[in-house]
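Colleague: below: sequence and its predicted model.
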Amino acid sequence: MKSAVVICSVCGTKNRVPAAAAGVPRCGNCHSPLPWIVTAEDTDFAEIVDGPGIPVLLDLWAPWCGPCRAVSPALEALARQFAGRLKLVKVNVDEAPEVGRRFEVQGIPTLVVLDGGRVRSRKTGAAPEPELREWLERSLSSVTESNTGTGGRNVN
């Protein structure tokens, strides 16, 4: 199973965070939520995406795509800001064509917010970090409303 070492932004402790797990990764020392940033392929996509219990921000990209490379640091910064509230899963569509087909990717980067495996929001194309943050906040509030029974809406 894939894992990554993540340094806690609160106390500086190094933590091993698995690519797939239930719940939210927390620092072993101070118990603060940790950012959850992983890569997935066709073979492990379901295991990585279906189990966290928190929304997943899916980044469908390719290494030859300039806008994909430009937006990646912003997505990783947002994953750190939203630690404990979402999991960022990066999928190279050239190496995971089945995932690309599943989400009917026609342009990249394609960003998808998933909750329990269901698409809650989708955005295609690069955007500056403030615009991505606003879209992500709306998307996450839609997931929260849906999960609390107050009625969700699809935010684009």
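Modeller: Happy to help now that I have it.
Colleague: so where is this structure shaky, pLDDT-wise?
Modeller: Applying pLDDT under 70 to the chain picks out residues 1, 52, 144-156.
Colleague: for it, give the helix that spans the most residues.
Modeller: Of all segments of type helix in the chain, defined using DSSP state H, the longest is helix 129-148.
Colleague: and it, what's buried?
Modeller: 132-133, 135-136, 139-140, 142-143, 146 (16 or more other Cβ atoms under 10 Å). Glycine gets a C-beta too; all of them are placed from N, C-alpha and C.
Colleague: residue 35: which of the residues you listed is nearest?
Modeller: residue 136 (13.6 Å; Cβ to Cβ).
Colleague: you'd agree that closest one is up against residue 82?
Modeller: Yes. Contact criterion Cβ atoms under 8 Å: residue 136 and residue 82 qualify, at 7.0 Å.
Colleague: tell me which other helices or strands the longest helix of the chain touches.
Modeller: helix 66-81, strand 110-115, strand 118-124 (3 or more Cβ pairs under 8 Å, 6 or more residues apart in numbering; DSSP states H and E).
Colleague: cool, thanks, talk later.
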